[in-house]
Structure formats: structure tokens, C-alpha cells
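Trainee: sequence first, then the predicted structure:
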Amino acid sequence: MDAFDELKISDEQALNHITVSTSLVTNAILQNQVHPVRMLLFSGNGMRADALPWPVSYLELSGEMDFRGREIEPPDLREWENFLTPDLRENPALVVIVGKFSHRNSLHEEQLASYLRGINPALSIALGHVWGQANFYRRSLTTYLNLGVSNLYYKFAQQLQSAVSLRKILAPISILKADGGILPISKIRPIESIYSGPAASILAALTQIESTASSIIVDIGGTTTDIGLVLSGVPLLSSKGAQIGPYSTLVRSLAVRSIPVGGDSAIHASEQGFVLESYRLGTAYCLGGNVPTPTDAMRYLGLIDYGNERLAEEGLASILPMERQTPEFLQELATAIIDTVAERIAEAVVSLKQEWQEEPAYKVWEVLHPHEVHAFNTLVSGGGARGMIKALEKRLKTPIRLGAFPEVSNALGAAMARPTFDCTLHLDTYMRRYRVEETGEQGKWSGPLRPYREVEGFLDNLAQQQATFYGIKIGDLAKEPFDFFPIVQGYKTVGQIVRGAVHLRSGVVGRIHV
Amino acid sequence: MKRTGILFFPAFDWSLGDTHPEREERLLYTQEQLFEEGILDLPQIKQYSPRVASLREGLRAQALLPNPEAFSDSLDAHLIAAGSAILLGEARVRGDIANGFVLARPPGHHSGATVWGNRGFCTLNYEAILVNHLRARFGIEKIAIVDTDVHHGDGTQDIFYHDPNVLFISLHQDGRTIFPGSGFVNEKGGPNAWDQTLNIPLPPGTGDEGYHYVLENWVLPRLQAFAPELIINSAGQDNHFTDPLGAMNLTANGYGRITELLQPDLAVLEGGYSIEGALPYVNLAILLALAGEDYHHVREPQKLARPVLNLATLKPYIQELKKQHLGIKPRFTTQSKASFPKGNWMYSPRSVYYDTKGFQETRHDYIRECSHCAGTVYIESSRLSSPQKSILVRIPFQACPDCEQAGYDLWDHLQHHIEDTESGLLQNQLHDKLSFWNSKEGLREF
């Protein structure tokens, strides 16, 4: 709340919304502060679980489902009695239960949970199927992390809420998510709050560009630069879930490249001239630090007006051999440093564009209608932005603009964020079951075997219920066309698998004009 | 790290008909299985996205008749599968991957040198298009194709029958019991490519053990003797015991072992229509085997209930087959036309049935016997109902000057003298040049 108080808001009660972007969960995971969790897996047949790198330990139990959610092998109760009971009978503990194909049928997860609750009501149990996208491995780790950080998160949420209400502020509090959306503090699943910082810088840029423009967003900080893409006004989502430390997750996130280079990156002399290090050794030389940095190069070239000019020169000179410490060589060195930073940023832009253009396609239509090449412009923000404009313009060959309030762009992005929303339906009319990816909801389908119009209404209904639960208003949702897969047995159509989704992509509540 | 590329193109919006085996649903459960396993998270797996092959890339291997641009069926899905094979093949040749799996539909191995439409669910032959692309663009000379689909890979055989630099091996259920009814040991290659086609028809009921025995004792030694730069596996999955069209008894594990034995540079999905009972598991086993991972835990839920032909029964059959194969000597008919350039021309007529729409193609193939190169090939082709014919002239890779000249003489003659000819394609593989001629619009280069 210190930071909040420093804002010196004159009429706090007039606030109508507070959005918090917190690195609490990110840091807890990266610093190994996740609470230990017992992980029980119904891993079934198929690929061996240990083919993938698991950063945490797990216990494999019998019991198997298939891709239609049919039970192939029931769980083995004796296993539960022998392996689990002695261990979990007494103390409170965190337990996650995840089954392969549990997103198609959660039966085994539910059965084991109810068994465990029966022997020890003090257990905190989380089930994998609520992360309803395919990928058993990521579902397991996501469920694990979410439970492992939940105490920490809820404590934080509670303290934040009571501090705000102490100040008699009635504004609702939302948390910024990795996909650039916000959710009420009580509804968000803790793990979804990771990587909100990079998301915020993309949102900040959104407030300053035309609503349908395609832009490269570059946020240059002290040691890290975040790079993102906005395509026709919509930030690019990563096609895979977020990776955090050694954990692969199902958390939806914006496609952002974070590269270890920034205004404060240390520079050392080398045989080829200099090396731009991926770390920081204190502040820039021209600001009283001990090693030269890109900021000194900017200062020397007069691209920025803060910092001591003579110190900048001294810092840069320390890289050059005595006989080359002349204005001519200093100029050349400073330019080369800026160009190197621009080069690193450009490489990340290329790799991001490649990720976008090489997204897998599974339909003929998609392959025949590839992503159009947009004319991009570039928006640069962050502490190191001012000095990089010219070099980036030259390297990226796009029109370039300096973002407003570059030093506080994250806060701007968070404040202007709006909810995101996804509801993805998987319906199997033959099995008479439906599932929702985002919530893990599984239910019975009592409609026709070959539905057409009905599914649209069905999905709208599910979306509406889900939105109400999250306490968000959904207006215009983007609809993905439904995929219909006739299920055929012996040359007869016996049912259909239907897939469809509605989305509200990340965006901002308004635009700023400066 | 040994990297394995995967190109997954399930064509979820394309089918040959609502209840046709080749329908949207075919790879749906394979997607569910692969994605749920997290196989794309294996550090050695790299996923590629598909691209469309050009008509030109297709024409390098096949003549689309009577006119490639006004082809009767839509080629979209087929061109994407072909482009996907090319993309992954290029990645292999460049060394970006150690091996790869083109997991695309529809299949292609029944599609031959001349194409009038879809047959056996196939319109374009991806392996052949890929092989000729790699030879034209990357200078690869020797390639082996091993077809492990339950059906004889007759289209692939047709395209490379006269090509001594492509070894084609097909293991399949005996043609007397299944489509397309060919693939017997006496089909051993054309006059200039004798013994570069090997057909191993297997009795219905052959299981893992028998299949692996044939691979180890016949296929692998033959491959080793040929020493190809690349091995491509036409990885049909209809040998699985649950397949509705085949009568073989292989398991998903058995397919994993096939992959492990063959060590293909590229596996290309062909048939396989047990879309729930087999495909998710067989595809998984193949991909794991390619990636060097343990595939022994892949287990299809259904149990093998049919009687499997045991090895003791199969061994004598295979020995006998081998003896038969060895005993078959080349026998070709010399025959040419008055207009043919000088040389010794071998003639072989054949007829091809297109089961999808139910019509017959009649072919007259002439091959210039040559001891220096693969020999120029001249093929007359027509639909039985039509008096008009189309021609394919093929000047082979590494053609000798005489054969190249013969090819051009034939091509010239075609354009000026033949009244009952509707169109023709010149495949000059030597210089990677493709010309198409038709009686109405004349000549154009591709």
C-alpha cells in the first residue's frame, strides 16, 4: 500500500476500479517458494511419464481413461490403501490428483478425492480436470503450482483487500493475468497472475495506437526488454501455455519475448571490441556507476539528456585502448553499442513474427488463407526507450514512435486493462457428454445426436453462466466457427463431435491522447 | 540432440464423403492422444506447419491428366499433404532434424505416374513428389521407399518402376485378398531397373513376430545392399488388428518396432482406418520410436482376439517366396512405333482401375533400354471411355545424351503429328524442366 499512498490520490473514494499487477506468484515459483504438494497421477498407458522432464516428484496409480472419456481400466483400491493411506491419514497436506484424459472424464480424480477426504478431512485437494485443455503433463504441473502457491496468494489477496477497505475505498480490485486480461481478485486462479508485467507493457502500448493497427511493442527496461506483437489491434497470444522456470503450464499468456538486455546492461572490453553482457552491475557510469552501459552510449551521443556527459565519455573510454580514446573512436564505439542493442531487439522481433506465421494449421482453409503480412509500426517505451529510437527505426525499418509516460508504462497498462474471456466447448453427442476447457466443467448432453443450430445457443448459454460466475460483462464475443466431426460406425453416422469457442481477447478500456 | 520433426495436418475440414473412411474424424483422436500425452513438449520434438505444394512440384513426379490446371477433383488437401512432405523432407536434408513424421491426410501411395482422378483414396503421391523434389533440388541420388501399408503401394511402384536409383519395397497383405490386387514377387522393376522393386506379399493373419522376421531377414539386408542416402517409410497403419479393411494382426507396439528396425529418415502416413482402435496408438508408437523414446507402454485398449499366424508356419512360406523371387528372370517384349527414335524399346501395357469414381485407365508404356541411364519413358494413357489419349514423356535424372535426345524427339513428334492426342507432359528430370502441351492451347512451361 506504500506505493498506493505515494500516488497521493486526493479523493480515494472516487476511484472506481483498482487493478493490481503482481509478481508475487512469479517470484515465489522462480525462487522455489512453492509449498510442497503430493502429486498423484493416473498416468495410464501411452508415453512413459518420465519421458518428460518433471521438476517435481509424483506417484503413478493404476486407472485409465481414453480420449473419448471411456474408462479403460478402473483404479485399484488396494493401491490406495497400501500406498496412500498410511501417509495421508494424519496431517494436513496439499494433494493434487491428475488423470490422463481427465479433461474428458474426471471420474477417477473425483473417486480418489472423495476417498482421501474420507480418511483425512484436513487435506487440501485439487483436481486436474479443471484445467480442461489437452496435455496431461502441463495439466499436472499447472494444478500443482496453482495449489502450491494458493496459500501465499490468498493471504496477499486478503491483506490487500482489508488495507483497501480500511481506507474506505469501495472500488473493486482486479488482478492482471498473463493473457492481458483482468479478473476479480476473488475469482482468479493464483497461477494465472504470472507474467502480468510483460502483459501490462503490451496493454500500455494498446492505449496509444489505433484500434486496428499492427504494431511491434518494445519495452526497454534496465536489464530486460520485453517485445510483443499486436496484430490488427489484438495482442498475439502464445500458442503454447506459459513456461515458468522449469514448469510448463497451461496458463494462457501473451506471446512476449523477454531478452536480457537493457539500458543498464554491463559492457566489458573484449578482443573484438566489447561485449554486451546479459546482467547489470549497478547503475550506468554516467549516473555514478562503475561500468559502462548502453545508457552511457546514449548519453555520449546526446540521445538522452540525463546523466553526466563527462562521466559517460570516461566510462566508454575505459573500454578502448589508450591510443584510441579519441572522439572519433568514442563515437564509433557508442554507435556500435546502440546498434548491438537494436540488433538483439530485432532478432527477438523476427523470432516472434516467425512464431506467429508458423502457427500450426489443421484445416485446408487455414493453409490456403495464411496470415496476411501487416504493415507494422513500432512503439517503444520504458526507461531506455528515448535513446534507442533512431537505431531501432533504422534496424526494424518501420515507422517508430516513443510511447507516452515510458517510465510508468506497466502501471498505465494495468490500469486500462479489461477482462478477457474464453469459453471452449467440446461436445460428444454419441457419448452424450460435454466439457468446457476453461473451467473443466463436464456435463450431460441431452440434445440431438446431430445438432446444428442448437450448439450455438448451448455455447452462448455456457458462456453467459461462466461470465456471471466471474462477475464480468461480456458484450461482443468473437466466435470461432464450429468444427463438426461426424462419428461413423460401420458406414453409419451415429453422432457428432462438435468443437467451438467464443472469446473476448485482451484489450484496453480506452485510449490516451498526448 | 537427435531432433524429430512432426508435421501434423489432419485436414479437419475435408473428407471424401460423410461416412467415407477418409473423413474429418480420421485423425481427431490421434490429435487428442498426441496432445494429451504432451508429446510436443518432448525437447527433441519440433512441430512444423504445413505448406501448399505447387502444381509444378506435383508434375515432377506425376502427370495430371488430361490437364493439370483443370483437374477434375479439387487438389487442395492433396497439395497441402504433398507440400508438408516436401517441407519436412527439406528439413531432414538440411540437417535441421534427424528424422520426421508427416502425419497428414489424405493418403497418396495408390496414385501413379499418370493420374486421372482419385483411386484408393489417393490423388497425389507425396513420397514420389518429395523424392523427385529432393533429387532435383538437393542433388540426392539414391533413395529407398519402404511401404508398410497393408495395401500394395502400386502408385509408388508405378512411378519408380523404371528408376534404378529408387529402391521400392512394399510389404503388404497378399494382393489376391485385398485392394489393389497387385504387388506379387514377379513385379521386380523395368528393364533398366531390374530388381529395384521388391514386393513381399504376406498371408492374412501375419502378426508382429512374422512381420519383424521379414523385415530383419529380407528387407533390411536388401536396404543395406542398396545403401540409400535416405529411407522413406510409407507408414500405413492398416496392418493393425483392428483395421476394418485389412486382415493382418499387427499391434501398436509392433509398429513401434517396425520404425525402430527401419530407422526411416521420414515416415509418411498412408492408410489406416481403425480411427479409434488403432490410429491414436500406432501414430504415438511411431512418433516415440522416431524420437528414440520407449514405445513399449503404448497399448491399444482392445485385445488381439484373432488367431495370429505363428512364425513356424510363416517361415517356410517366406523361404518359398524368396526362392520364387530369386528365380524370376527379366522378360520384356521389344516393341516400338514407327515414329520412335532409334533404340531398343520395351513395351508393357497395363490397365488401372479408379475405384473412387469407377472407371478404367488404359496404359501403353514404352521404355528405351539403356545401359548408361534409367532410360527415357513414353507412356500413352487414356480413359477407357474416351478416344483421346494423353502422353507422358519422361527424361530421367542423370539421363545420357541419347536418351535425352530420344525424349525430345518424342516430345516434338507428339506436338506435330498425332491427331488422337489431347495433351502431354514432358518431365525432363535431367534439367528439372516441365512442359505441358494440349491440343487446344499449345505449349506451356511449368
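Mentor: That came through fine.
Trainee: could you count how many residues lie near residue 431?
Mentor: Since you didn't name a chain, this refers to chain A. Using other CB atoms under 10 Å in any protein chain shown, residue A:431 is surrounded by 17 other residues. Every residue, glycine included, has its C-beta placed from N, CA and C.
Trainee: if you could check chain B rather than the one you did, that'd help
Mentor: 11.
Trainee: how close does it sit to chain A?
Mentor: As judged by CB to the nearest CB, to the nearest Å, residue B:431 and chain A stand 31 Å apart.
Trainee: repeat for residue B:306
Mentor: Applying CB to the nearest CB, the value for residue B:306 to chain A is 18 Å.
Trainee: do you know the pLDDT at that residue?
Mentor: The per-residue pLDDT reported for residue B:306 equals 87.
Trainee: that one contacts residue B:241, doesn't it?
Mentor: Yes - assessed by CB atoms under 8 Å, residue B:306 is found in contact with residue B:241 at 6.1 Å.
Trainee: domains of chain A?
Mentor: A:35-148, A:265-343, A:421-504 (automatic domain parsing).
Trainee: picking up where we left off before, between residue B:306 and residue B:241, who's got more neighbours?
Mentor: Between residue B:306 and residue B:241, counting by other CB under 10 Å, residue B:241 is the more crowded of the two (25 against 13).
Trainee: out of the domains of chain A, nearest to chain B?
Mentor: domain A:35-148 (3.4 Å; CB to the nearest CB).
Trainee: and the closest one, what's its mean pLDDT?
Mentor: Averaged across domain A:35-148, the pLDDT comes to 95.
Trainee: quote the end-to-end distance of it.
Mentor: 5 Å (CA to CA, to the nearest Å).
Trainee: what do you get for stretch A:433-448?
Mentor: 12 Å.
Trainee: cool, and stretch A:55-64?
Mentor: One end of stretch A:55-64 sits 24 Å from the other (CA to CA).
Trainee: wait, what's in contact with residue A:134?
Mentor: Counting by CB atoms under 8 Å, 6 or more residues apart in numbering or on different chains, residue A:134 touches A:103, B:32, B:35, B:36.
Trainee: okay if I get those as CSV plus distance to residue B:250 and neighbour count?
Mentor: Output for these, formatted as CSV (distance: CB to CB, whole Å; neighbours: other CB atoms under 10 Å in any protein chain shown):
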residue, distance to residue B:250, neighbour count
A:103, 30, 29
B:32, 22, 20
B:35, 25, 18
B:36, 24, 26
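Trainee: mind listing which of those are in helices?
Mentor: Taking DSSP state H, the ones among the contacts of residue A:134 that sit in helices are B:32, B:35, B:36.
Trainee: including pLDDT, could those go into JSON lines?
Mentor: Converted to JSON lines, the ones in helices among the contacts of residue A:134 look like this (pLDDT from 0 to 100):
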{"residue": "B:32", "pLDDT": "97"}
{"residue": "B:35", "pLDDT": "97"}
{"residue": "B:36", "pLDDT": "98"}
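Trainee: if we ignore the residues flanking it in sequence, what's nearest residue A:105?
Mentor: In space, and not counting its chain neighbours, residue A:105 is closest to residue A:69: 3.4 Å by CB to CB, 6 or more residues apart in numbering or on different chains.
Trainee: doesn't that neighbour lie inside a strand?
Mentor: No - judged by DSSP: H, G, I helix; E, B strand; the rest coil, residue A:69 forms no part of a strand; its state is coil.
Trainee: near chain A, from the ones in helices among the contacts of residue A:134?
Mentor: B:32, B:35, B:36 (CB under 8 Å from any CB of the partner chain).
Trainee: can you list contacts of the helix or strand harbouring residue B:8?
Mentor: If you go by DSSP states H and E, residue B:8 is part of strand B:4-9. With contact meaning CB under 8 Å, 6+ apart, strand B:4-9 is reached by A:360-362, A:367, B:27, B:31, B:34, B:40, B:44-50, B:80-81, B:84-85, B:87-88, B:91-92, B:96-105, B:287, B:290-292.
Trainee: which of those fall in helices?
Mentor: Going by DSSP H, the helices hold A:367, B:31, B:34, B:80-81, B:84-85, B:87-88, B:91-92, B:287, B:290 from the contacts of strand B:4-9.
Trainee: out of the residues you listed, which one has the weakest pLDDT?
Mentor: Ranked by pLDDT, these bottom out at residue A:367, which scores 91.
Trainee: can you count the residues close to that one?
Mentor: Look at residue A:367: counted by other CB under 10 Å, it has 21 neighbours.
Trainee: next up, the contacts around it.
Mentor: Residues in contact with residue A:367 (CB under 8 Å, 6+ apart) are A:361, B:9, B:50, B:51, B:52, B:80.
Trainee: how about the residues of the stretch 201-350 of chain A by chain B?
Mentor: Checking the stretch 201-350 of chain A against chain B by CB under 8 Å from any CB, the hits are A:240, A:248.
Trainee: any idea of the pLDDT on whichever residue of the stretch 301-450 of chain A sits closest to chain B?
Mentor: Nearest to chain B in the stretch 301-450 of chain A, going by CB to the nearest CB, is residue A:363, at a distance of 4.3 Å. As predicted, residue A:363 sits at a pLDDT of 93.
Trainee: skipping its backbone neighbours, what lies nearest residue A:448 in space?
Mentor: residue A:454 (6.7 Å).
Trainee: I figured the one you found hits residue A:460, correct?
Mentor: No - counting by CB under 8 Å, residue A:454 stays clear of residue A:460, with 10.8 Å between them.
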